[in-house]
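[1] Structure for this input, please:
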Amino acid sequence: MRFDIDTDLRSGRCKSCGAPIYWIKTRKGNWLPVNRRAIMATPVQIGGHTFVLVDGSTVQALPEGAVRYDGVDSVVAFEAHFATCPDADTFRKKKRR
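    Residues are numbered from 1 along each chain as shown. Next comes the predicted model:
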């Protein structure tokens, strides 16, 4: 299930593809662009994808409905825009040697 949420996150558009994004400050203090559509995701211990929560933490999860664990609540999560932007490689930092 996908939905829009009201939030105080910084909003903007991707400089490259023009998609609407939010900026979430990570726990390390960096600003990360995420897709504006939030999803409900179920945390998993093995597999899954990395999603970003509003507080800047990350969680390994699968979209709600893909898996069901008793006693595990789904969370509102965002997908990093780098995962879907067609020009993501343009913005990646070069690795130091």
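[2] Report the contact partners of the residue nearest the centre of the chain.
    Nearest to the geometric centre of the chain sits Glu79, at 2.5 Å (CA atoms, centre = their mean). Glu79 makes contact with Val34, Asn35, Ile39, His49, Phe51, Val52 under the criterion CB atoms under 8 Å, 6 or more residues apart in numbering. The way it works is simple: take the backbone N, C-alpha and C, and place the C-beta from them, glycine included.
[3] try it again with 10 Å
    Val34, Asn35, Arg36, Arg37, Ala38, Ile39, Ala41, His49, Thr50, Phe51, Val52, Pro63 (CB atoms under 10 Å, 6 or more residues apart in numbering).
[4] Could you report the neighbour count for the fourth one?
    Using other CB atoms under 10 Å, the number of residues around Arg37 comes to 13.
[5] That one against Pro63, yeah?
    No. Checked against CB atoms under 10 Å, the pair Arg37 and Pro63 is beyond contact range at 11.6 Å.
[6] Turn the contacts of Glu79 into a markdown table, columns for distance to Ser74, pLDDT and secondary structure.
    A markdown table is the format used below for the contacts of Glu79 (distance: CB to CB, whole Å; pLDDT from 0 to 100; DSSP: H, G, I helix; E, B strand; the rest coil):
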| residue | distance to Ser74 | pLDDT | secondary structure |
| --- | --- | --- | --- |
| Val34 | 17 | 93 | strand |
| Asn35 | 18 | 93 | strand |
| Arg36 | 19 | 91 | coil |
| Arg37 | 15 | 90 | coil |
| Ala38 | 11 | 90 | strand |
| Ile39 | 9 | 89 | strand |
| Ala41 | 6 | 88 | strand |
| His49 | 14 | 86 | strand |
| Thr50 | 16 | 86 | strand |
| Phe51 | 11 | 91 | strand |
| Val52 | 15 | 92 | strand |
| Pro63 | 9 | 83 | strand |
